[in-house]
Each structure stands twice: as C-alpha cells, then as structure tokens.
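> How does the following fold in three dimensions:
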Amino acid sequence: MLNPGDEAPRGTPGTGDDICPECHGKGRIGGAPCPKCGGSGTITRAIGGA
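The predicted structure is shown next:
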C-alpha cells in the first residue's frame, strides 16, 4: 500500500525507508494519523542516482 509520501512501494529495488518529513517519524499529527505516512512514521524514497 502506498502512502501519499511514498515514492515507490516498499521493497522496490533502489528504495529505502526514510523518516516522514511531515510528522518527523512520530506517525501522528495533532492526535490523528499522519496523512503523509499513514501513521507509520516512515516513507519509502528512491535512493541512489537511478
């Protein structure tokens, strides 16, 4: 499942987990799940120069 902040599905070659810039890894904003990471506190980003 992709969250709005994900650049690719988890496990895609050339990607890695990063702390969500919206909630700073907490997974919640104002008592509600973060809309960018879906409450996980991490997003999947492309890494490297691909």
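
> Low-confidence ranges, the protein, go.
Counting by pLDDT under 70, the chain shows low-confidence ranges at 49-50.

> That one: strands as residue ranges?
Listed from the start of the chain, the chain has strands (DSSP state E) covering 15-19, 28-29, 32-33, 42-46.

> Okay, and the beta partners of the residue nearest to the spatial centre of the chain?
Central residue of the chain (Cα atoms, centre = their mean): I43, 1.2 Å from the mean position. Beta-bridge pairing of I43, defined through DSSP bridges, involves D18.

> Check the contact between it and C20; I expect there is one.
Yes. I43 sits in contact with C20 when judged by Cβ atoms under 8 Å, with a separation of 5.2 Å. Any C-beta I mention is one placed from the backbone N, CA and C, and that applies to glycine too.

> Overlap in contacts, those two.
Listed as contacting both I43 and C20 by Cβ atoms under 8 Å, 6 or more residues apart in numbering are 5, 36-37.

> Quick check: the gap between the residue nearest to I29 when sequence neighbours are not counted and M1.
For I29, ignoring the flanking residues on the chain, the nearest one in space by Cβ to Cβ, 6 or more residues apart in numbering is C23 at 5.2 Å. C23 is 17 Å from M1, where distance means Cβ to Cβ, to the nearest Å.

> which one of those two has more residues nearby?
Comparing C23 with M1 by other Cβ atoms under 10 Å, the one with more neighbours is C23, at 22 against 6.

> Contacts only, for the more buried one.
With contacts taken as Cβ under 8 Å, 6+ apart, C23 has the following neighbours: 29, 34, 36-37, 41.

> For it, give its distance to P13.
With the distance defined as Cβ to Cβ, C23 ends up 27 Å from P13.

> repeat for M1
For M1, the distance to P13 equals 19 Å [Cβ to Cβ].
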